[in-house]
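Novice: Just a sequence and a predicted model for now, questions to come.
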Amino acid sequence: MVDHTLTRIEISKEYLNFSAGHFTIFSATERENLHGHNFQVRCNVSASVGDDGMAFDYVVLKRILRELCDGLDERLLLPELSPHLHIERQDGQVTALFADERLVFLERDVLLLPVRNVTIEELAPLLLARLRDRPEVADRAIRCIELGVSSGAGQWAHACWESS
Ligand SMILES: Nc1nc2c(c(=O)[nH]1)N=C([C@H](O)[C@H](O)COP(=O)(O)OP(=O)(O)OP(=O)(O)O)CN2
């Protein structure tokens, strides 16, 4: 008889974090002041356990998650897909135009993300997609991945993928 049992492995390591600046945009005219958070990331993966008693090597998963966090660390995150923010890049500077404001930053300090807003509910699916894009993760034993992003204690957004 085929065993359909799935086992969930939870990765929630203190070092899976990134410190970043952002501002949440609430409308065409309202936004937060620029500020930062120590964002935390965690990930649950459900998979079938093989005859060798392993689902997958979670050390590989931790390495990838750490690389994803490092890629966002110590940068000002700007949403490329916001309907309310126009972004220009010239002469080593990034200018974000919001309402009647011009926010000017050095290119080295900024990271443009393909999101509509720099919120935890946009960061979680973005990091989940980047995790799934990694060939090491394209493991047929993995049936479900849930990735969480927190902007502070007690507030998380989780994005989930399930294999069809
Ligand atoms: N749906 C969302 N709403 C808001 C988000 C978000 O990501 N999704 N983000 C913010 C801002 O990041 C805001 O700076 C969060 O501030 P706050 O909740 O106060 O963060 P703290 O860690 O300081 O939480 P405390 O409860 O004050 O400890 C706003 N809205």
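Specialist: All right, it came through fine. Note that the structure is predicted; figures quoted are calculated from it, not measured. Residues are numbered from 1 along each chain as shown.

Novice: Phi, psi for the residue of the chain found nearest the ligand please.
Specialist: Using C-beta to the nearest ligand atom, the single residue of the chain nearest to the ligand is G152, 2.3 Å away. All C-beta atoms are positioned from the backbone trio N, CA, C, and that covers glycine. Reported as degrees, to the nearest 10, the phi and psi values for G152 are phi 180, psi 160.

Novice: what do you get for L128?
Specialist: Backbone torsions of L128, given as degrees, to the nearest 10, read phi -60, psi -40.

Novice: give me every residue that touches it.
Specialist: Contacts for L128 were tallied using C-beta atoms under 8 Å, 6 or more residues apart in numbering; they are 145, 147, 159-161.

Novice: how about 10 Å then?
Specialist: By C-beta atoms under 10 Å, 6 or more residues apart in numbering, the residues touching L128 are 43, 68, 145-149, 158-161.

Novice: Which strand runs longest in the chain?
Specialist: Scanning the chain for the strand with the most residues, using DSSP state E, yields strand 35-47.

Novice: what's the residue of the chain closest to the ligand in contact with, if anything?
Specialist: The contact partners of G152, by C-beta under 10 Å, 6+ apart, come to 37-40, 120.

Novice: By neighbours, which of the residues you listed wins?
Specialist: Neighbour counts for those, by other C-beta atoms under 10 Å, peak at F39, which reaches 23 neighbours.

Novice: For the residue found closest to that one once you drop the neighbours it is linked to in the chain, list the residues it contacts.
Specialist: Closest residue in space to F39, ignoring its immediate chain neighbours: F18 at 5.2 Å, by C-beta to C-beta, 6 or more residues apart in numbering. The contact partners of F18, by C-beta under 10 Å, 6+ apart, come to 37-41, 66, 68-75, 77, 123, 127, 149.
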